[in-house]
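Colleague: Give the three-dimensional model of this entry:
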Amino acid sequence: MINRLLIRIKTVQLVYAYMQGSLNQLNSDEEMAQSIEASYKLYNYLLALIVKLTDYRRTQLENARNKFLPTQAEKFPNSRFANSQLAKCIAEKSNVMDYVAEHELMSDFDTETYRNLLEQIEKLPAYQEFMTQRDLPTFKQEKELWKTIFAEVITRNEKLDATLEEKCLYWNDDMSTVTQFVIKAINQMNPEDETIKLAKMFDRNEDQNFARDLFHVTLEHAHEYLDLVDRQAWNWNLERMPMMDKVLMVCALSEIRNFPDIPVNISMNEYIELAKHYCAPDSPRFINSIVDKIVKGWKEEGVIFK
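Modeller: Residues are numbered from 1 along each chain as shown. Below you'll find the model as predicted:
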């Protein structure tokens, strides 16, 4: 699950903390490991949220049915959402709920969050169509509904944002990236499968090594690369340059210089995309220009050969 894009994001975030003085280099390895594990915990949390939301909806329906004088609608509720086959697959055919329980990621105190999310879900046109269509929804239709729920509710819900921030400082920053992995997992689920095989923390040993090595060499050479940036950006005062611009250039230069198997254009493109997300509108062009000048100089000096 932890791919190179997420590793680069983690590296940028922690190098930023280091350059701001809020990360001690002696504790950097532990911080990186915790940050990566936090992403994997969020992945499991979001999948478990599907189960928890449908469980909570069943509880609501059951409580309404058991009222002293239930209405006709409460006696015979529409339970399509509550009886989710997708949630059943996750709960019964994967280890998600065991993982969540083992790491104590969810609690009864989350019920207010579930109620708030369900109120928003009920307003979705996709949900209303799902609940009222003539035929019973297919598993594919249910998956499409949940993909819409993630895109339009779960990633935009302020109550959930606050809940995630309380649970883990990394989770809000990870939300958009980890949600993509959750959507991928939903796409791959099949009710006919005996077990649902979800992503491991690292699919490849190479990625685990990349996470460790990229972070190490970036911290080791951060000030050296900052000096190179300062010399190339001659019409800029380094102190006035936005911190995130500097961090992205340092990370890009570290990867280009120290990982000969990764093409220069791959590294450049990845960090330019991050700049579009984290920096001012004119930063990507500026970062690309400075890094490109330094890389050309390295090639002329025979420092890199790719």
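Colleague: Scan the chain for its longest helix.
Modeller: Scanning the chain for the longest helix, with DSSP state H as the assignment, gives helix 28-65.
Colleague: what's that helix packed up against?
Modeller: helix 4-19, helix 72-75, helix 85-93, helix 96-102, helix 111-122, helix 171-188, helix 205-232 (3 or more Cβ pairs under 8 Å, 6 or more residues apart in numbering; DSSP states H and E). For glycine as for every other residue, the C-beta is placed from the backbone atoms N, C-alpha and C.
Colleague: what angle sits between it and helix 4-19?
Modeller: Interaxial angle, helix 28-65 versus helix 4-19 (axes from the mean of the first three to the mean of the last three Cα atoms, to 10 degrees): 120 degrees.
Colleague: ok, back up a step: with mean pLDDT added, can I get the helices and strands packed on helix 28-65 in a markdown table?
Modeller: What follows is the helices and strands packed on helix 28-65, written out as a markdown table (pLDDT from 0 to 100):
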| stretch | mean pLDDT |
| --- | --- |
| helix 4-19 | 92 |
| helix 72-75 | 91 |
| helix 85-93 | 96 |
| helix 96-102 | 96 |
| helix 111-122 | 95 |
| helix 171-188 | 93 |
| helix 205-232 | 92 |
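Colleague: Adding mean neighbour count, write these out as a markdown table.
Modeller: Listed next are these as a markdown table, based on neighbours: other Cβ atoms under 10 Å:
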| stretch | mean neighbour count |
| --- | --- |
| helix 4-19 | 20 |
| helix 72-75 | 10 |
| helix 85-93 | 19 |
| helix 96-102 | 16 |
| helix 111-122 | 16 |
| helix 171-188 | 18 |
| helix 205-232 | 17 |
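Colleague: Any chance of the ones you listed in JSON lines with distance to Ile36 as columns?
Modeller: Shown next, in JSON lines, are the helices and strands packed on helix 28-65 (distance: least, Cβ to Cβ, whole Å):
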{"stretch": "helix 4-19", "distance to Ile36": "6"}
{"stretch": "helix 72-75", "distance to Ile36": "46"}
{"stretch": "helix 85-93", "distance to Ile36": "23"}
{"stretch": "helix 96-102", "distance to Ile36": "15"}
{"stretch": "helix 111-122", "distance to Ile36": "25"}
{"stretch": "helix 171-188", "distance to Ile36": "10"}
{"stretch": "helix 205-232", "distance to Ile36": "6"}
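Colleague: Can you check which of these gets nearest to Met32?
Modeller: Closest to Met32 of the helices and strands packed on helix 28-65 is helix 205-232 (Cβ to Cβ; 5.2 Å).
Colleague: So what are the structural domains in the chain, by residue number?
Modeller: Domain ranges of the chain: 26-188, 205-301, per automatic domain parsing.
Colleague: Let's have these in a markdown table, adding distance to Arg4.
Modeller: Listed next are the domains of the chain as a markdown table, based on distance: least, Cβ to Cβ, whole Å:
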| stretch | distance to Arg4 |
| --- | --- |
| domain 26-188 | 12 |
| domain 205-301 | 6 |
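Colleague: Tell me which of those lies nearest to Tyr16.
Modeller: Between these, domain 205-301 lies closest to Tyr16; by Cβ to Cβ that is 4.7 Å.
Colleague: Could you tell me the end-to-end distance of the closest one?
Modeller: With Cα to Cα, to the nearest Å as the measure, the first residue of domain 205-301 is 33 Å from its last.
Colleague: and Lys75, what is it in contact with?
Modeller: Arg65 (Cβ atoms under 8 Å, 6 or more residues apart in numbering).
Colleague: whoops, Ala101 was the one
Modeller: For Ala101, no residue meets the contact criterion (Cβ under 8 Å, 6+ apart).
Colleague: From Ile9, how far out is it?
Modeller: 28 Å (Cβ to Cβ, to the nearest Å).
Colleague: got it, and Leu145?
Modeller: 29 Å.
Colleague: Could you do Asp135 as well?
Modeller: Asp135 is 42 Å from Ile9, by Cβ to Cβ.
Colleague: try Leu124
Modeller: Leu124 is 29 Å from Ile9, by Cβ to Cβ.
Colleague: Same check on Leu53?
Modeller: Taking Cβ to Cβ, one finds Leu53 at 27 Å from Ile9.
Colleague: Please name the nearest non-neighbouring residue to the residue nearest the centre of the chain.
Modeller: Note on the chain: the residue nearest the mean C-alpha position is Val178, at 2.4 Å, using Cα atoms, centre = their mean. Nearest residue to Val178, sequence neighbours excluded (Cβ to Cβ, 6 or more residues apart in numbering): Leu42, at 4.8 Å.
Colleague: Please name the residues that touch the one you found.
Modeller: Leu164, Cys168, Tyr170, Trp171, Asp174, Met175, Val178.
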